[in-house]
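Undergrad: dropping the sequence and predicted coords here.
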Amino acid sequence: KAGVTQTPRYLIKTRGQQVTLSCSPISGHRSVSWYQQTPGQGLQFLFEYFSETQRNKGNFPGRFSGRQFSNSRSEMNVSTLELGDSALYLCASSFSRGARTDTQYFGPGTRLTVL
Amino acid sequence: KQEVTQIPAALSVPEGENLVLNCSFTDSAIYNLQWFRQDPGKGLTSLLLIQSSQREQTSGRLNASLDKSSGRSTLYIAASQPGDSATYLCAVQETSGSRLTFGEGTQLTVNP
């Protein structure tokens, strides 16, 4: 079974631009979550999608948004990029919506650098 | 607000040593606790998941325990190998839904 895939793996943007990151979950998984990882803040939850609906949202500004498609693939978008948005963005998929037995499987991440 | 703390932040041991990584959380109302491994610049690899009703889980040389009432979990690694060098993260899931709250991680170095 193929794992979680994320594209692109690396991205360089300048301040003020916008960016779209993509995540394809493991086949059959319906829940996709996004996390931001930085050296200073560690791993922080961005949002969770299940059946094309955002179910949970972390404490990030409205510049961060996402969506999920009918095939469970998800995209996240960051508008008006700031230097502080430079981070590793990780997506995770799981079979259901956070059952007690649900292991979350993470992708390799997208490394975003904002200049 | 749930807070997860991992001690120590970094650990360096010689090959073959048994070691324990610690994780504590402030709110004991959790669904499960998961241990992950992260290699530099890479994503997270799931190691073990312990449901809130369980006391421990084992996978090969790894054993994770959970004491929900005291808000603690430990990851025991037996006979460490240089390939075990990585950052180990623990994360708790508090409610239904897939949101995880992570600790800062323990950076482990196993020296040959």
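TA: Sure, I can see it. Residues are numbered from 1 along each chain as shown, chains lettered A, B, ... in the order given.
Undergrad: please identify the residues of chain B in proximity to chain A?
TA: Within chain B, the residues that sit near chain A (CB under 8 Å from any CB of the partner chain) are B:31-32, B:34, B:36, B:41-46, B:49, B:51-53, B:89, B:91, B:93, B:95-105. Quick note: C-beta positions are derived from backbone N, CA and C, even for glycine.
Undergrad: in ChimeraX, select just the buried ones from those residues.
TA: Command for ChimeraX that selects the buried part of those, burial taken from 16 or more other CB atoms under 10 Å in any protein chain shown:
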select /B:31,32,34,36,42,43,44,46,49,51,52,89,91,93,97,98,99,100,101,102,103,104,105
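Undergrad: the lowest-mean-pLDDT helix or strand in chain A pairs with which strands, and in what direction?
TA: Scoring the helices and strands of chain A by mean pLDDT, DSSP states H and E places strand A:53-57 at the bottom, with a mean of 89. Take DSSP bridges as the rule and strand A:53-57 pairs in its sheet with strand A:42-50 (antiparallel).
Undergrad: so the spatially most central residue of chain A: helix, strand or coil?
TA: Geometric centre of chain A, nearest residue: A:W34, 3.0 Å, by CA atoms, centre = their mean. Assigned by DSSP: H, G, I helix; E, B strand; the rest coil, the conformation of A:W34 is strand.
Undergrad: any idea what it is bridged to?
TA: Per DSSP bridges, residues listed as beta-bridge partners of A:W34: A:F47, A:C91.
Undergrad: also B:A86?
TA: B:L108.
Undergrad: what's the neighbour count on it?
TA: By other CB atoms under 10 Å in any protein chain shown, 20 other residues sit near B:A86.
Undergrad: touching, A:K13 and A:T20? I think so.
TA: No: counting by CB atoms under 8 Å, A:K13 does not reach A:T20; the two are 10.7 Å apart.
Undergrad: many thanks, we can stop here.
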